[in-house]
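Asks: give the three-dimensional model of this entry:
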Amino acid sequence: MRYSPLVVAGLTALALTACTAGKEAAPSLGARPRPSGSASQALPAATLTLWHGFSTGPEVKAFEDAIAGFTKKFPQITVKTVKNVQDDQITQAIRGGKAPDVAASFTTDNVAQWCRSGSFQDLTPVIEQDGIDLSVLPEVARAYTGFAGKRCTMPLLADAYGLYYNKALMKGSAPPRTLSELTALTKKLTVRDANGDIKVAGFVPSFQYYENTPAHLGPMVGARWLNDDGTSAIGSDPAWKELLRWQKELVDWYGYDKLEKFRKGLGDEWGAEHPFYAGKVAMVVDGEWRNAMIAGDPKAKAMDYGTAPVPVADARPDLYGGGFTAGTVIGVPKGAQHPQQAWELVKYLTTDTDSLVTLSNALRNVPTTKAAMESPKLTKDANFQTFLDIFAHPKTSTLPSAVNSVFNQEAFATFLTRWEKGAVPDLDAGLKAVDKQIDDKLKLSGS
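Replies: You can find the predicted model right below:
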């Protein structure tokens, strides 16, 4: 299970400016002739180390089951895994010349820095050598695994974000397809007590609420984060202003103080008292993994709910069906002692259909290749199919690869907290100030 990119990245990201490998003699991908295809069986025996972030028993077992398929194919290669590893540990190991052979990360926020610095090896030469057709991956997955022409990671599993709705609270209403429909339905479904306090919220518009990050909601209006030259587009893209004005109008309808009182009284996002389970919120934006959490909760699994794509701007019906995506990435760090064998493992885990289906069925995340998404072995129902469709939709977007990705998100999120509180007198000026923060940071990073 994975959490929102900003939450994970905020805990693990490091500003990486340069990497030095302590073992200069470590071989690298493409440094010598290598067997590929059917000749891969001729690879020398090796013991690989693989670091990953999975931590719970079922997650670790699922990953081990997928690796077992690889070792069956390559019996001369042993894979030793280390669980619950975060990005800062990976970065520190690479800097210290003690990199694992393979490393997997739950967040895409560090991919650009890893690619730019060379701390993860460019996979392009071996992808081409092995004749891998990357069109088996949706374009958006190809986008978040590389930076500036370098593909230093491959997508393993993905998260996609859509709308969950409580059918009992909806009372026959169809899930909203546009922002105006979402507003109307929110007002219809909201219940207040005699003091005007919120008892049931149709939808919580606060950017401080669980998965309501700007990254997850931006696709509702097709908002852009960066210009072509890498500078911030937040202040110049009118889509952001449309989203923020819509959001603020709904916050003001609730009353900011009333909404904050309600929000702060809700249960833990990851616990059994989630307000969606308890019928306190009728509609929420969330990831595909929420299906598994609902099914695994004794109280929640009896809930009658549905899923749908997120509503979109009224003037942009072409966006409907898409949403936000990101996911687990995996690659070969600089300094890996067995890079050729490591690449074979990465290739297997990210392109073998049975491997991806095994992981998806166990973890309930979206498999990243078209063949895996269409496999008859993939366990799915209507609620999970929604997220497969969102991931494959041509309008689905992700955060653009950026060396300061975490900073960019945090700067914007800080502004949005002030905005919804009513502490921003001039939206245009406020967004331009966010642009300046991001662009100044970009200059400092040397980009």
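Asks: tell me the contacts of the nearest residue to G196 once chain neighbours are set aside?
Replies: For G196, the nearest residue in space outside its immediate sequence neighbours is K258; the separation is 6.3 Å by Cβ to Cβ, 6 or more residues apart in numbering. Where you see a C-beta, it was placed from the backbone N, CA and C, and this is true even at glycine. For K258, the contact set (Cβ atoms under 8 Å, 6 or more residues apart in numbering) comprises G196, D197, I198.
Asks: what of S232?
Replies: The neighbourhood of S232, defined by Cβ under 8 Å, 6+ apart, consists of W225, L226, N408, V434, D435, I438, D439, L442.
Asks: mind checking how far P376 is from F391?
Replies: Computed with Cβ to Cβ, to the nearest Å, the distance linking P376 and F391 is 18 Å.
Asks: higher neighbour count, these two?
Replies: Counting neighbours by other Cβ atoms under 10 Å for P376 and for F391 shows that F391 has the greater number, 26 against 5.
Asks: can you pick the most crowded of the contacts of K258?
Replies: Counting neighbours by other Cβ under 10 Å, I198 leads the contacts of K258 with 21 neighbours.
Asks: quick check: closest non-adjacent residue to it.
Replies: The spatially closest residue to I198, leaving aside those adjacent along the chain, is F262, at 4.1 Å (Cβ to Cβ, 6+ apart).
Asks: just the strands from the stretch 201-350 of the chain, written as ranges.
Replies: Assigned by DSSP state E, counting those that start in this stretch, the stretch 201-350 of the chain shows strands spanning 281-287, 305-308, 325-331.
Asks: and the last one with strand 281-287, angle?
Replies: Inter-element angle recorded for strand 325-331 and strand 281-287: 30 degrees (by axes from the mean of the first three to the mean of the last three Cα atoms, to 10 degrees).
Asks: could you give me the buried positions within strand 325-331?
Replies: Under the neighbour-count criterion of 16 or more other Cβ atoms under 10 Å, strand 325-331 has T325, A326, G327, T328, V329, I330, G331 buried.
Asks: the second one too?
Replies: Judged by neighbour count using 16+ other Cβ under 10 Å, the buried positions of strand 305-308 are Y305, T307, A308.
Asks: any chance of the residues you listed in CSV, with distance to V126 and pLDDT too?
Replies: Written out in CSV, the entries for the buried residues of strand 305-308 read as follows (distance: Cβ to Cβ, whole Å; pLDDT from 0 to 100):
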residue, distance to V126, pLDDT
Y305, 44, 97
T307, 38, 98
A308, 40, 98
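Asks: what is the nearest of those residues to R245?
Replies: The shortest distance between R245 and any of those, using Cβ to Cβ, involves A308 and amounts to 23.6 Å.
Asks: so that closest one touches Q385, yeah?
Replies: No. A308 is beyond contact range of Q385, at 11.1 Å (criterion: Cβ atoms under 8 Å).
Asks: mind listing the helices for the stretch 151-300 of the chain?
Replies: Using DSSP state H, counting those that start in this stretch, the helices found in the stretch 151-300 of the chain span residues 167-170, 179-189, 214-217, 238-254, 256-264, 290-296.
Asks: nearest to G446, out of these?
Replies: Closest to G446 of the helices of the stretch 151-300 of the chain, according to Cβ to Cβ: helix 214-217, at 24.6 Å.
Asks: show residues contacting that closest one.
Replies: By Cβ under 8 Å, 6+ apart, the list of residues contacting helix 214-217 reads 4-6, 161, 207, 223, 243, 247, 285, 310, 323-324, 326, 399, 409, 412-413, 416.
Asks: what's near enough to touch A46?
Replies: Applying Cβ under 8 Å, 6+ apart as the definition, the contact partners of A46 turn out to be Q76, I77, T78, Q337, H338, Q341.
Asks: about what we covered before: save the buried residues of strand 325-331 as CSV, and put in pLDDT and distance to S135 too.
Replies: Putting the buried residues of strand 325-331 into CSV (pLDDT from 0 to 100; distance: Cβ to Cβ, whole Å) gives the following:
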residue, pLDDT, distance to S135
T325, 98, 17
A326, 97, 20
G327, 94, 18
T328, 95, 21
V329, 97, 19
I330, 98, 19
G331, 98, 20
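Asks: identify the farthest-apart pair in those residues.
Replies: T325 and G331 (18.6 Å).
Asks: tell me the buried residues in stretch 126-140?
Replies: Taking 16+ other Cβ under 10 Å as the neighbour-count basis, stretch 126-140 is seen to contain the buried residues V126, I127, D130, I132, L134, V136, L137, P138, V140.
Asks: just stretch 394-414 next, same as before
Replies: Across stretch 394-414, burial judged by 16+ other Cβ under 10 Å covers 395-413.
Asks: please apply the same query to stretch 435-443.
Replies: Within stretch 435-443, the residues that qualify as buried are D435, Q437, I438, D439, K441, L442, counting by 16+ other Cβ under 10 Å.
Asks: what is the longest strand seen in the chain packed up against?
Replies: Criterion DSSP state E: the longest strand present in the chain is strand 154-166. Using 3 or more Cβ pairs under 8 Å, 6 or more residues apart in numbering; DSSP states H and E as the contact test, the elements touching strand 154-166 are helix 139-143, strand 281-287, strand 305-308, strand 325-331, helix 339-351, helix 353-363, strand 366-367, helix 382-392.
Asks: at 7 Å instead, please
Replies: Helices and strands in packing contact with strand 154-166 are listed as strand 281-287, strand 305-308, strand 325-331, helix 339-351, helix 353-363, strand 366-367, helix 382-392; criterion 3 or more Cβ pairs under 7 Å, 6 or more residues apart in numbering; DSSP states H and E.
Asks: in TSV, list those along with distance to D87.
Replies: Output for these, formatted as TSV (distance: least, Cβ to Cβ, whole Å):
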stretch	distance to D87
strand 281-287	19
strand 305-308	30
strand 325-331	10
helix 339-351	17
helix 353-363	19
strand 366-367	21
helix 382-392	23
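Asks: what about D237, how many neighbours?
Replies: 20.
Asks: what's the spacing between the residue lying farthest from the centre of the chain and F407?
Replies: Of all residues in the chain, A194 sits farthest from the chain's C-alpha centroid, using Cα atoms, centre = their mean; the distance is 40.7 Å. Separation of A194 from F407 (Cβ to Cβ): 45 Å.
Asks: beta partners for the closest residue to F391 other than its chain neighbours?
Replies: For F391, ignoring the flanking residues on the chain, the nearest one in space by Cβ to Cβ, 6+ apart is A160 at 4.3 Å. On DSSP bridges, the residues paired with A160 through beta bridges are T325.
Asks: the residue nearest the centre of the chain: what's it in contact with?
Replies: Nearest residue to the geometric centre of the chain (Cα atoms, centre = their mean): A326, 2.8 Å. By Cβ atoms under 7 Å, 6 or more residues apart in numbering, the contact set of A326 is P5, T108, Y144, D159, T398, L399.
Asks: okay, who's weakest in the residues you listed by pLDDT?
Replies: The lowest pLDDT within the contacts of A326 belongs to P5, with 41.
Asks: where in the stretch 101-250 of the chain is pLDDT low?
Replies: Low-confidence segments of the stretch 101-250 of the chain, defined by pLDDT under 70, are absent; every residue clears the threshold.
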